[in-house]
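# take a look and give me a structure for this.
(2 chains)
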Amino acid sequence: MPMDKTFNAAEAEARLYDAWEKAGAFRAGANASRPETFCIMIPPPNVTGSLHMGHAFNNTLQDILTRWHRMRGFDTLWQPGQDHAGIATQMVVERELAKSGQPGRREMGREAFLEKVWEWKEQSGGTIVNQLKRLGASCDWSRNAFTMDPNFQRAVLKVFVDLYEKGFIYRGKRLVNWDPHFETAISDLEVEQVEVNGNMWRLRYPLADGATYRHPVAFDEEGRPTEWEERDYLTVATTRPETMLGDTGIAVNPSDERYAHLIGKEAILPLVGRRIPIVADDYADPSKGTGAVKITPAHDFNDWGVGQRTGLRAINVMSGRATMFLVENPDFTEDCTPSDEALALDGLDRHEARKRIVALAEEQGWLDGIDQDRHMVPHGDRSKVAIEPMLTDQWFVDTAKIVQPAIDAVRTGRTEILPERDAKTYFHWLENIEPWCISRQLWWGHQIPVWYGLDIWPARFEDDGDDTLDEVEIFELLEDGAFNHADPTHHCAFDFEGVSEKFLDDLASLPQPLNNARVIEVASRAEAIDRLAQALADYNLNEDPTHLVYPVWRDPDVLDTWFSSGLWPIGTLGWPEETAELARYFPTNVLITGFDIIFFWVARMMMMQLAVVNEVPFKTVYVHALVRDEKGKKMSKSLGNVLDPLELIDEFGADAVRFTLTAMAAMGRDLKLSTARIQGYRNFGTKLWNACRFAEMNGVWEGHATQAAPPAATATVNRWIIGETGRVREEVDAALAAYRFDSAANALYAFVWGKVCDWYVEFSKPLFDTEAAAETRATMGWVLDQCMILLHPIMPFITEDLWATTGSRTKMLVHTDWPSFGAELVDPAADREMSWVISLIEEIRSARAQVHVPAGLKLPVVQLALDAAGREALARNEALILRLARLEGFTEAASAPKGALTIAVEGGSFAIPLEGVIDIGAEKARLAKTLEKLEKDMAGLRGRLGNPNFVASAPEEVVDEARTRLEQGEEEGAKLSAALARLSEIA
RNA sequence: GGGCGGUUAGCUCAGCGGUAGAGCACUACGUUGACAUCGUAGUGGUCACUGGUUCGAUCCCAGUACCGCCCA
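As a prediction, the model looks like this:
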């Protein structure tokens, strides 16, 4: 059955992908013929996500490297998988529940909710995998991993325990970025700064104990105060009046003469009545605002720092949902008697509280004024709500302790980051790294492997010395709830069994019978208190120590998603088991990822792999840029400029989309994607398709079989294209080895379209009628095979389909050996000859077109003076020159006939008689224009060669080349001038 | 404010000390043994600006302007 006119991507893609999968073509090690391994870890997409342009780009590049290495015989693994994406997924599922009118997460409880999440994962988790398959991604799907797989969970928990035991993880009450929408802490990196229009409110805080001072109110030209007023208050400025309820101090700069004398005195916090000290700190900038800053250590990062330095208390005045938390807040009411107006704010949203406080300040006369202000407000990158700095207990990775090996690895080149400038970003971030908050108040994720127990033997409780618990002591414990006042103790272990042992060790030192209590797991601290109290009460009655229990509860929080994806390289390869894959493929070869997650992911993988297995996770990191729309805007749903890769694949085929992304993948530069470009590369696929179709029509594929070595050829044309093929193979390999994907694509485009289709196919047409026909068929078959092979990593579908419909094949293209021939195939003589032939044809075509010779008209041609090389070239290639230049029959003459076109080429010239047909004016203009251009070039060359410094200092070959070019140019110029002179004789 | 980039044809971008390139768009012609998802020919550039280094600068260095991105 003859081939169709175009490749039917829609029909073929699914069929071909299926065939690859059925053949196990993508399995780890498939087609391996050499010992070297090649491994890429996919940056795991969110399990509930869908393919966007960034994924398409990222995965195309990975697939190219993977397919290329696999064809070269490397033992290749492209490890796929998905990320559970804590916040994102939990958000999606909660939204789904709300949409379908089901009870919310809190109503159904943790266990039921997690079931829903797993259901959702089952339902939508395959989407992205199928979309990657549509793109042609040749991952080993049999090894598909998920960050919530049981073995991956084990790895994550084990690493947590490991890092905890090494002292790299700690728990602490710190100010964190709190997302009031999701009610969880988030890391610095998940916060975006958004500039907003707001106000700066000036508030007057009265000084305590009747203190007053003179405050300057007018100044002379040099800024010296000239007038003062007596004040009994201090004015502070704030963008967030609602935080004033948590103020515990006022900072002034010690060098600020206006206020320095107040340092050590106190002010009274309006509404609250709290006495707050005036402290000295450089954070207060005399030139900003009023120069006096209210300090709320529990709700502002800068204030926290001031508080730490000056010993101020931190009072949290908000709940996790950013509503005011006052009435039952002992910290808030300690040492003061808040007004009723203040207590009435309890439970209000922070924004509402702000309005009320400003209104109260105005009413009560302590609002000094309002200035409009534009400032940055931190927002959650997922929730888009304003972040609330919040004082909470969280888990942190002490990054300072593990960062150095990650820095050194890149400095010393163990891992290389490309392009180089991204290494700078990497260093900059790592060298200024902050502790990493890794606990999240979410349900979907890896629950922290830490259990808490009541501190039942706090220091203030004293045993009477007999090491047994008597009735009085039990009563004391129960009644006072002594253990209820101390902070819980905690232990970290891989599982409950492990942690039980640790608690048992603690209990061993306690009095009888507590030292024999059984450790049990309960849900919460409250339940633990109940159970323990109950157990003690029972013991008091029955004195049976075997029923005594020591209840512990697990930390309800989960780990930051990036903590688990930080283990992706070892986790997917089976760590902590010593698997064969781990031994073989780790460290992996290259990571291909977007610049936006250098901090989130790359840096953390480096730190964690080095901390856990003391090895870099990958040898090379290739960082790519963003795919933007054709105007350079970031694609976003709200702008409506999102290009859906799947729609593009439907319209143009996966190969066209892939080729476009590849050709645009210049290192470190954003891609501006337009459909026109994709269409162009779809056409490129069609071009190759039709070249193969042409070959089919000319019997090229009859009896054709895959062959590594080029056929022996004698015809110059065939020798030439074989050499060109050798060149392009070297070029493609060099480009891919250097991650110059764009160079590889462009070299192939220029070769396949510009050399094979434009010239070689045309040259072959007359050759099929000569004795060189068989050789030409063999050459064409071999060359087209090489096109398919070399293009396969970029355009896998069309090439595999062509492979199957042409010749007889022992293997699918996906496993066909990558060629190793190179420029040794170039025959310099053939190269020179074909360059000459091509330029002759181009000259003639150009001349014809410019003097408006009808395209279809065949013209005779007269050969004038011609050197030996030219004569030989002409003799060997006469048929194709006649055909492509639309000429008929060469004759020889000593001089050009009147009214003829003149064609000057290296080594001679030709004339095309056009008596009566020629437009003499046009021909004169053409010659004059050509001469002018030539003269300009020659003038430049003469200038250079006339400069003794150039001849003396420039490399010899540059000087020689300039001389040769000048000679040739002058020769050509002479011919053109002569022709021009002849024409002038006529008209 | 700190850091990192960019500025080359109408558009999108390569290039990079020694003759300025590609694709798209545009103009004219054209169905010639595959391809109109095509062919042939052509138009189009003070390589942002100013200095410097060099025999020679689009390329290296310094500065200026404008535009991006990241971090405060």
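
# so what secondary structure elements neighbour the single longest helix found in chain A?
In terms of residue count, the longest helix belonging to chain A (DSSP state H) is helix A:956-986. Here helix A:956-986 touches strand A:900-905, helix A:920-946, going by 3 or more C-beta pairs under 8 Å, 6 or more residues apart in numbering; DSSP states H and E. Placement of C-beta: from N, CA and C, glycine included.

# what residues are up against residue A:197?
By C-beta atoms under 8 Å, 6 or more residues apart in numbering, residue A:197 lies in contact with A:372-374.

# residue numbers of the stretch 101-250 of chain A in contact with RNA strand B?
In this structure, the stretch 101-250 of chain A approaches RNA strand B at residues A:188-189, A:192-193, judged by C-beta under 7 Å from any atom of the strand.

# now render the helices and strands packed on helix A:956-986 as JSON lines, adding distance to RNA strand B, mean pLDDT and mean neighbour count.
Shown next, in JSON lines, are the helices and strands packed on helix A:956-986 (distance: least, C-beta to the nearest atom of the strand, whole Å; pLDDT from 0 to 100; neighbours: other C-beta atoms under 10 Å):
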{"stretch": "strand A:900-905", "distance to RNA strand B": "12", "mean pLDDT": "84", "mean neighbour count": "24"}
{"stretch": "helix A:920-946", "distance to RNA strand B": "6", "mean pLDDT": "81", "mean neighbour count": "15"}
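
# report the separation between the residue nearest the centre of chain A and residue A:422.
In chain A, the residue lying closest to the centroid (C-alpha atoms, centre = their mean) is residue A:594, at 1.5 Å. Using C-beta to C-beta, to the nearest Å, residue A:594 is found at 10 Å from residue A:422.

# give the contact list for the residue of the stretch 151-300 of chain A found nearest RNA strand B.
Per C-beta to the nearest atom of the strand, the residue of the stretch 151-300 of chain A with the smallest distance to RNA strand B is residue A:188, at 5.4 Å. Neighbour list for residue A:188: A:177, A:434 [criterion: C-beta under 8 Å, 6+ apart].

# give me the pLDDT for it.
pLDDT, residue A:188: 77.

# can you give me the distance of the residue of the stretch 851-987 of chain A found nearest RNA strand B to residue A:600?
Among the residues of the stretch 851-987 of chain A, residue A:949 lies closest to RNA strand B, at 2.9 Å counting by C-beta to the nearest atom of the strand. Distance of residue A:949 to residue A:600, given as C-beta to C-beta: 55 Å.

# which is the next helix or strand following the helix or strand containing residue A:607?
Using DSSP states H and E, residue A:607 falls within helix A:604-613. Per DSSP H and E, the first helix or strand lying C-terminal to helix A:604-613 is strand A:618-624.

# any idea of the mean pLDDT in the helix or strand following that following strand?
Sequence order places strand A:627-628 as the next helix or strand after strand A:618-624, per DSSP H and E. Strand A:627-628 shows a mean pLDDT of 72.

# now stretch A:819-833
So the average pLDDT for stretch A:819-833 ends up being 92.

# chain center to it: distance?
40 Å (C-alpha atoms, centre = their mean, to the nearest Å).

# contacting residues around it?
With C-beta under 8 Å, 6+ apart, stretch A:819-833 has contacts from A:708-710, A:716-717, A:719-720, A:722-727, A:729-730, A:786, A:789-790, A:869, A:872-873, A:876-877.

# alpha carbons only: can I get that stretch in PDB?
Provided in PDB are the C-alpha atoms of stretch A:819-833 (Å, rounded to 0.1, in the frame of the first residue of the first chain):
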ATOM      1  CA  PRO A 819      25.500   5.700  14.500                       C
ATOM      2  CA  SER A 820      29.100   6.400  15.400                       C
ATOM      3  CA  PHE A 821      30.400   7.500  12.000                       C
ATOM      4  CA  GLY A 822      31.500  11.100  11.600                       C
ATOM      5  CA  ALA A 823      33.400  13.500   9.500                       C
ATOM      6  CA  GLU A 824      35.700  10.800   8.200                       C
ATOM      7  CA  LEU A 825      32.800  10.100   5.700                       C
ATOM      8  CA  VAL A 826      33.400  13.500   4.100                       C
ATOM      9  CA  ASP A 827      35.100  13.300   0.700                       C
ATOM     10  CA  PRO A 828      36.700  16.700   0.200                       C
ATOM     11  CA  ALA A 829      36.700  16.400  -3.500                       C
ATOM     12  CA  ALA A 830      33.000  15.600  -3.700                       C
ATOM     13  CA  ASP A 831      32.400  18.400  -1.200                       C
ATOM     14  CA  ARG A 832      34.100  20.900  -3.400                       C
ATOM     15  CA  GLU A 833      32.500  19.700  -6.500                       C
END
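
# residue ranges with poor pLDDT in the stretch 501-650 of chain A?
For the stretch 501-650 of chain A, the stretches with pLDDT under 70 are A:629-641.
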